[in-house]
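Asks: Have a look at this prediction, sequence included:
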Amino acid sequence: MNRSQSTQILATLIEDYIDATLGAEAGAREKHVKREALRSIIRVAEMEQTLAMNGAAEQYEAVEEAVEPLALAA
């Protein structure tokens, strides 16, 4: 699945959620506010995931640097 497909699926899920929770009687402004709130939550979650992956990469590099002298000595 590429980024475009993922974005489209996410947009569809958001719209389905809004329709299910607010119903047909909700106004455009109410739907817009809920949609943007959900998008903000998703952006925060993506940022947290990226930071976690970067932290894991830094930990891996630190372990690799610590182990490298041991490998050279063997």
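Replies: Happy to help now that I have it.
Asks: What lies in contact with stretch 44-56?
Replies: Outside of stretch 44-56, not a single residue reaches it under the criterion Cβ atoms under 8 Å, 6 or more residues apart in numbering. Bear in mind the C-beta positions are built from the backbone N, C-alpha and C, glycine included.
Asks: got the CA positions of that stretch in PDB?
Replies: The C-alpha coordinates for stretch 44-56 follow below in PDB (Å, rounded to 0.1, in the frame of the first residue of the first chain):
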ATOM      1  CA  VAL A  44       0.400  13.700  16.900                       C
ATOM      2  CA  ALA A  45       0.300   9.900  16.800                       C
ATOM      3  CA  GLU A  46       2.400   9.800  13.600                       C
ATOM      4  CA  MET A  47       4.900  12.200  15.200                       C
ATOM      5  CA  GLU A  48       5.200  10.000  18.300                       C
ATOM      6  CA  GLN A  49       5.700   7.000  16.200                       C
ATOM      7  CA  THR A  50       8.500   8.700  14.200                       C
ATOM      8  CA  LEU A  51      10.200   9.900  17.400                       C
ATOM      9  CA  ALA A  52      10.000   6.400  18.800                       C
ATOM     10  CA  MET A  53      11.600   5.000  15.700                       C
ATOM     11  CA  ASN A  54      14.300   7.600  15.800                       C
ATOM     12  CA  GLY A  55      15.000   6.800  19.400                       C
ATOM     13  CA  ALA A  56      15.200   3.100  18.600                       C
END
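Asks: longest helix of the protein?
Replies: Assignment by DSSP state H gives helix 28-73 as the longest helix of the chain.
Asks: Could you tell me which ranges of the chain sit under the pLDDT cut-off?
Replies: Judged by pLDDT under 70, the chain has its weakly predicted residues at 70-74.
Asks: which residue is nearest the middle of it?
Replies: residue 46 (2.3 Å; Cα atoms, centre = their mean).
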